[in-house]
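[1] I'd like to go over a predicted model; first the sequence, then the structure.
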Amino acid sequence: MIPELGHFSLILALAVALVQGTLPLVGASRGDLRLMALGRTAALTQAFLVLLAFGALTQAYVTSDFSVLNVVDNSHSAKPLLYKISGVWGNHEGSMLLWALILALFGAAVAVFGNNLPDTLRSRVLAIQALIGVGFLAFLLFTSNPFQRVFPAPPDGNGLNPLLQDPGLAFHPPLLYLGYVGFSVTYAFAVAALLEGRVDAAWARWVRPWALAAWCFLTLGIALGSWWAYYILGWGGFWFWDPVENASLMPWLAGTALLHSAIVVEKRDALKSWTVLLALLAFSLSLLGTFLVRSGVLTSVHAFAQDPARGMFILAFLLFVTGGGLALYAWRAPQLQGGGLFQPVSREGALILNNLLLCTLAATVLLGTLYPLFLDLLTGNKVSVGPPFFNATFVPLCAPLFAALCVGPFLGWKRAELWPALMRLRVALVVSLAAIVVAMTMIDSRSTLAALAFGFGVWLIVGSLASLTDRVRSGTLRTLPRSTLGMVIAHASLGVVVLGSVATSSWNTELMHTMKPGDRIDFAGYSVQLERMDEVRGPNYIAERATLAVSVGGKPYTVLQPERRLFTVQRRQVAETAIQTNGLRDFYATLGEGNPQQGWVIRLYLNPLAPWIWLGAALCALGGFVSLSDRRLRIGAPSRKPALQPAE
Amino acid sequence: MTPKRRRLWLLLGSLGTLGVAAALVLTALNDNLVFFYSPTQVAEKSIGPDRRFRLGGLVEEGSVQKDGQTVRFTVTDTHKTLKVVYRGILPDLFREGQGVIAEGSIGPDGVFTAREILAKHDENYMPPEVAKAIKESGQWKDKK
């Protein structure tokens, strides 16, 4: 009964979305207030209906209703409650429902918080948002119905993929989707602005909070996914340049560019059509990511064996959204008059450089991700573009970006001098050069590149904080606008991420050894003893657990207990890494296969600064949220007069 | 600065960045493209000992021998086979009769030395390349 209710409310939501996607548009072009007001009611109704459907599916999972096919395929009565709930989005149908839910919730948020938007703009934004919703709801209902029943109902389900039974991955998809789908709002704003034929400082001020929120969630989602890969895949790596990872990185890069170019529109009334284009691209890249994951066209660790019809639907939708947006852009963008003039060396110039580099980075990732697909189509050759490609292209392009990142905030709008800005950064420059020398002489003299990259990390942190020194000196730190504070945090945190990833990938120590209980080995100054092997029982698995006693200089230091879990329902083994961290480095142990006669394969890693990668990413998102809390950015805040239009 | 000159600067800047990026991409693609071959294709082409590539196929039943951390097994596309040696912890989904992708190169003794064995998240999953290789060898059986 309840699954049917969920199914019906999904159908109703589609009908409401169709109304919301058409009538307010008509109303906006005719100036009919009643039709325009419909958009808001419809957005709230649609969100409520999709929420109802999502609740129905969650209920089926929580109560283990095995008459629903989706629950049978992805759940099991013995699963812990957390994974029963996360199982809702741990599969294709459910994750698409989650996508549709977040889309509808963002629509409702625009309806609720968009009080100060002009009526026509708001109704157009809501209509575009609803049209995207129509695509996803139709996709759900026609190709991936999560409420399909099965008769007769089997006594128990097949269980969730054990690799997904992990707290890190339980919350990874919702966060990632909040980011992906959040860019639908900026897309809707861009299309609405093109329809209105007007982009001004006020528009940028309305768009930026949405872009910022989406960007923060995407940052968190990517970080959580990377953290999960780090401790569950057991290779000690944190980023594999897998197509699906790339799929989330591309909208992040485009979104970061959008955040920065929107500042120029807001403050200087320039770069308008470019910003609109970025808003269109950020969401298109999010959709591309979904297409890559859901269609299985690329070889990836995430690729599920897939139904080609689903891939085709998303591809068609992707072409419609991207093509439609770009066509409208080609038609209307020439009407957007550019505003303020500026010199190449200026805040605007620095932000353009930022955009140029970020977009080139995104293009590089796009090329590397899709190249195997093109080559296969054109020549039939199967190739893979792996980490060496990205290390050889992505990393060198980051260097000018990081170098310029600290200088930009010291440049004034319109025109500026480079030399005074560099003079104010001289301390940062000296400190980072010292860091390079230290890295080369004391840590590792072989890798000059790693030392250079390390120096860049230090430069980012010290250089970003340097913009606060004047405030500290004059005692006006407390009056610092939150948006500036957010910027400083986000920029510096990038340096933390750089330090963590450079140190982990260049200076880690690793050892693989076959051990029997009682064996002892020396590893990077520690002495590691395999004390015993135990068998432990979890709620839905049986595990082999190794107890490794680590000591330094004869004194006990810590105990690590890596496991190999055999999930009884799926008959599958999953390694559970043991990590001991002191904030500066991770002691990381995984347990391989083995038996009492030959011993067990144990793999040990010492990853310096590894925790900083995720600490930095979390700080980065925090910077975004701090900036978001700035009063001037608040969507409800009274808008200032639009910036003066300088004569061209 | 006139708008014209500003546009010129912008254009030069963008072209410069794109040029650098294109140069990086082209050299990187040249050096780092990893081709994917099935055992049949490996037998047909003579691949040099230092050429890194990906080998895909099924792990032959009964071929896995473990000796401490060293694993030896045979990869088959049901037509031709190739011996593989790998030192390290196997991914959780490595199993006889299942699809596998190994990245590495052929040693002087004709044995493929894998530096990496790729894991998949889903056990029902067969790498598309493997499915294609099996189809090409004419041994494809539809499971459904």
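    Yep, that arrived.
[2] give me the below-cutoff pLDDT ranges for the stretch 101-250 of chain A.
    The model of the stretch 101-250 of chain A has pLDDT under 70 over residues A:234-235.
[3] ok, chain A next?
    For chain A, the ranges with pLDDT under 70 are A:234-235, A:295-309, A:338-340, A:631-648.
[4] confirm that residue B:100 sits in a helix.
    No: counting by DSSP: H, G, I helix; E, B strand; the rest coil, residue B:100 is not part of a helix but strand.
[5] could you look up the SS state of the residue minimising distance to the centre of chain B?
    Nearest residue to the geometric centre of chain B (Cα atoms, centre = their mean): residue B:54, 2.6 Å. Assigned by three-state DSSP, the conformation of residue B:54 is strand.
[6] quick one, what contacts it?
    Contacts for residue B:54 (Cβ atoms under 8 Å, 6 or more residues apart in numbering or on different chains) come out as A:384, B:34, B:35, B:36, B:37, B:101, B:102, B:103, B:129. From N, CA and C alone the C-beta is placed, and that goes for glycine too.
[7] which residue ranges of the chain form strands?
    Unless you meant another one, I'm taking chain A. For chain A, applying DSSP state E gives strands covering A:383-385, A:509-515, A:520-523, A:526-537, A:541-552, A:555-560, A:563-567, A:572-576, A:578-581, A:585-595, A:599-608.
[8] the chain in question should be chain B.
    B:33-37, B:53-59, B:65-67, B:70-76, B:81-87, B:99-106, B:112-118.
[9] next, the distance between the ends of stretch A:535-546.
    The straight-line separation of the ends of stretch A:535-546 (Cα to Cα, to the nearest Å) is 9 Å.
[10] tell me which residues in it are buried?
    A:538, A:540, A:541, A:543, A:544, A:545, A:546 (16 or more other Cβ atoms under 10 Å in any protein chain shown).
[11] residues in contact with the second one?
    Applying Cβ under 8 Å, 6+ apart to residue A:540 gives the contacts A:76, A:78, A:79, A:80, A:159, A:165, A:567, A:568, A:569.
[12] in JSON lines: those, plus neighbour count and distance to residue B:46.
    Output for the contacts of residue A:540, formatted as JSON lines (neighbours: other Cβ atoms under 10 Å in any protein chain shown; distance: Cβ to Cβ, whole Å):
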{"residue": "A:76", "neighbour count": "22", "distance to residue B:46": "50"}
{"residue": "A:78", "neighbour count": "16", "distance to residue B:46": "53"}
{"residue": "A:79", "neighbour count": "23", "distance to residue B:46": "51"}
{"residue": "A:80", "neighbour count": "12", "distance to residue B:46": "54"}
{"residue": "A:159", "neighbour count": "23", "distance to residue B:46": "46"}
{"residue": "A:165", "neighbour count": "25", "distance to residue B:46": "46"}
{"residue": "A:567", "neighbour count": "22", "distance to residue B:46": "44"}
{"residue": "A:568", "neighbour count": "15", "distance to residue B:46": "48"}
{"residue": "A:569", "neighbour count": "18", "distance to residue B:46": "47"}
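[13] of those, closest to residue A:4?
    Comparing the contacts of residue A:540 against residue A:4 with Cβ to Cβ places residue A:76 closest, at 23.3 Å.
[14] okay, that closest one and residue A:537: tell me how far apart.
    Residue A:76 is 16 Å from residue A:537, where distance means Cβ to Cβ, to the nearest Å.
[15] so residue A:153 touches residue A:71, yeah?
    No: with contact defined as Cβ atoms under 8 Å, residue A:153 does not reach residue A:71; the gap is 9.5 Å.
[16] circling back to that earlier point, make TSV out of the strands of chain B and add mean pLDDT.
    TSV is the format used below for the strands of chain B (pLDDT from 0 to 100):
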stretch	mean pLDDT
strand B:33-37	81
strand B:53-59	84
strand B:65-67	83
strand B:70-76	89
strand B:81-87	90
strand B:99-106	85
strand B:112-118	85
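[17] to residue A:617, which of these lies closest?
    Between the strands of chain B, strand B:112-118 lies closest to residue A:617; by Cβ to Cβ that is 25.6 Å.
[18] quick check: angle from that closest one to strand B:70-76?
    90 degrees (axes from the mean of the first three to the mean of the last three Cα atoms, to 10 degrees).
[19] tilt between strand B:112-118 and strand B:99-106?
    Relative orientation of strand B:112-118 versus strand B:99-106 (the same axes, to 10 degrees): 140 degrees.
[20] tell me the buried residues in strand B:112-118?
    B:112, B:113, B:114, B:117, B:118.
[21] for the closest residue to residue A:584 other than its chain neighbours, give its distance to residue A:577.
    Once flanking residues are discounted, residue A:584 sits nearest to residue A:609: 6.5 Å by Cβ to Cβ, 6 or more residues apart in numbering or on different chains. Using Cβ to Cβ, residue A:609 is found at 18 Å from residue A:577.
[22] can you check residue A:520 too?
    21 Å.
[23] ok, those two, which is more surrounded?
    Taking other Cβ atoms under 10 Å in any protein chain shown, residue A:520 and residue A:577 do not tie; residue A:577 has more neighbours (21 against 12).
[24] neighbours of residue A:3, just the number please.
    22.
[25] wait, it touches residue A:58, no?
    No: the criterion here is Cβ under 8 Å, and residue A:3 misses it with residue A:58 at 11.1 Å.
[26] report the buried residues of the top helix by length along chain B.
    Looking across chain B with DSSP state H, the single longest helix is helix B:3-32. For helix B:3-32, the neighbour count (16+ other Cβ under 10 Å) marks B:6, B:17, B:21, B:24, B:25, B:28, B:29, B:32 as buried.
[27] show me the contacts for the third one.
    I take that to be residue B:21. The contact partners of residue B:21, taken as Cβ under 8 Å, 6+ apart, are A:360, A:363, A:364, A:393, A:397.
[28] quickly note the distance from the nearest residue to residue A:611 once chain neighbours are set aside to residue A:543.
    Leaving aside its chain neighbours, residue A:611 sits nearest to residue A:581 (5.2 Å; criterion: Cβ to Cβ, 6+ apart). For residue A:581, the distance to residue A:543 (Cβ to Cβ) stands at 22 Å.
[29] what residues are up against the residue of the stretch 451-600 of chain A found nearest chain B?
    Per Cβ to the nearest Cβ, residue A:592 is where the stretch 451-600 of chain A lies closest to chain B, at 3.8 Å. Applying Cβ under 8 Å, 6+ apart to residue A:592 gives the contacts A:564, A:575, A:600, A:601, A:602, A:603, B:69, B:89, B:90.
[30] highest neighbour count among the residues you listed?
    residue A:602 (26 neighbours).
[31] so what's that one bridging to?
    residue A:513, residue A:591 (DSSP bridges).
[32] do I have it right that residue A:546 meets residue A:533?
    Yes: Residue A:546 lies in contact with residue A:533 (Cβ under 8 Å); the separation is 5.7 Å.
[33] so what sits against both of these two?
    Taking Cβ under 8 Å, 6+ apart as the contact rule, residue A:546 and residue A:533 both touch residue A:600.
[34] my guess is residue A:524 contacts residue A:507. True?
    No: look at residue A:524 against residue A:507 with Cβ under 8 Å: they stay out of range, at 11.0 Å.
[35] what about those two, which has more around it?
    Per other Cβ under 10 Å, whichever of residue A:524 and residue A:507 has more neighbours is residue A:507, with 18 against 14.
[36] ok, for that one, nearest residue in space, not its chain neighbours?
    In this structure, residue A:507 finds its nearest non-sequential neighbour in residue A:608, 5.3 Å apart by Cβ to Cβ, 6+ apart.
[37] my guess is that neighbour contacts residue A:502, does it?
    No: under the criterion of Cβ under 8 Å, residue A:608 is not in contact with residue A:502, lying 9.6 Å apart.
[38] so which of these two has more stuff around it?
    residue A:502 (26 against 19).
[39] understood, closing this out.
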